[in-house]
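>>> here is a sequence together with a model predicted from it:
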Amino acid sequence: MIISRIACGVVLSLAFAGLAHAADVSGKWTASFETQIGTQNYTYEFKVNGQNLTGTAKSMSGETQIAEGKVVGDDITFVENLVFQDMPLRIVYKGKISGDEIKFTRDVAGLAMEELVAKRAK
């Protein structure tokens, strides 16, 4: 009886640990999407260490470091602190990872909400 309780506890612990494990998004991702200023083409280079996400976001406006990045399960969030026409823009990304796609919503400095899909570069 005690052995079966221990075995059950181990199985449950492993199951919950698997749910909390961050999805592996390390590597290059690309996206092309329409915005108020026209078509945007982005390349994201992600690095994951545990739940911490770092890397870069590259667009026609230049390359910026990813800040405040997290990956928890299949949820991903980060901030792109972009400078556009000499104005700082804080762009907050929230996304859901599904295999080789990430469906993002991004809040551009509280001025615009945009949806995009990033795909893993092969």
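Alright, I've got the coordinates. All values reported here derive from a predicted model rather than from experimental measurement. Numbering: from 1, shown residues only.
>>> tell me how far whichever strand or helix holds Y93 is from the chain's mean position?
According to DSSP states H and E, Y93 maps onto strand 87-98. Offset of strand 87-98 from its chain centre (Cα atoms, centre = their mean, to the nearest Å): 8 Å.
>>> packing partners for the helix or strand where E114 lies?
Secondary structure from DSSP H and E places E114 in strand 112-120. With contacts taken as 3 or more Cβ pairs under 8 Å, 6 or more residues apart in numbering; DSSP states H and E, strand 112-120 sits against strand 27-35, strand 38-49, strand 101-108. Heads up, the C-betas are built off the backbone N, CA and C, glycines and all.
>>> now for the last one, which elements pack on it?
Where contact means 3+ Cβ pairs under 8 Å, 6+ apart, strand 101-108 is packed against strand 27-35, strand 75-84, strand 87-98, strand 112-120.
>>> repeat that for 7 Å
Packed against strand 101-108 by the contact rule (3 or more Cβ pairs under 7 Å, 6 or more residues apart in numbering; DSSP states H and E) you find strand 87-98, strand 112-120.
>>> in CSV: those strands, plus mean neighbour count.
Listed next are the helices and strands packed on strand 101-108 as CSV, based on neighbours: other Cβ atoms under 10 Å:
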stretch, mean neighbour count
strand 87-98, 15
strand 112-120, 15
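>>> can you lay out those strands as CSV showing mean pLDDT?
Converted to CSV, those look like this (pLDDT from 0 to 100):
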stretch, mean pLDDT
strand 87-98, 96
strand 112-120, 97
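>>> dump those to a markdown table, plus distance to S26.
Compiled in a markdown table, these are given as follows (distance: least, Cβ to Cβ, whole Å):
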| stretch | distance to S26 |
| --- | --- |
| strand 87-98 | 12 |
| strand 112-120 | 10 |
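>>> out of those strands, nearest to G50?
strand 87-98 (15.6 Å; Cβ to Cβ).
>>> list the strands paired with the closest one, with their directions.
For strand 87-98, sheet partners with direction are given as strand 75-84 (antiparallel), strand 101-108 (antiparallel), following DSSP bridges.
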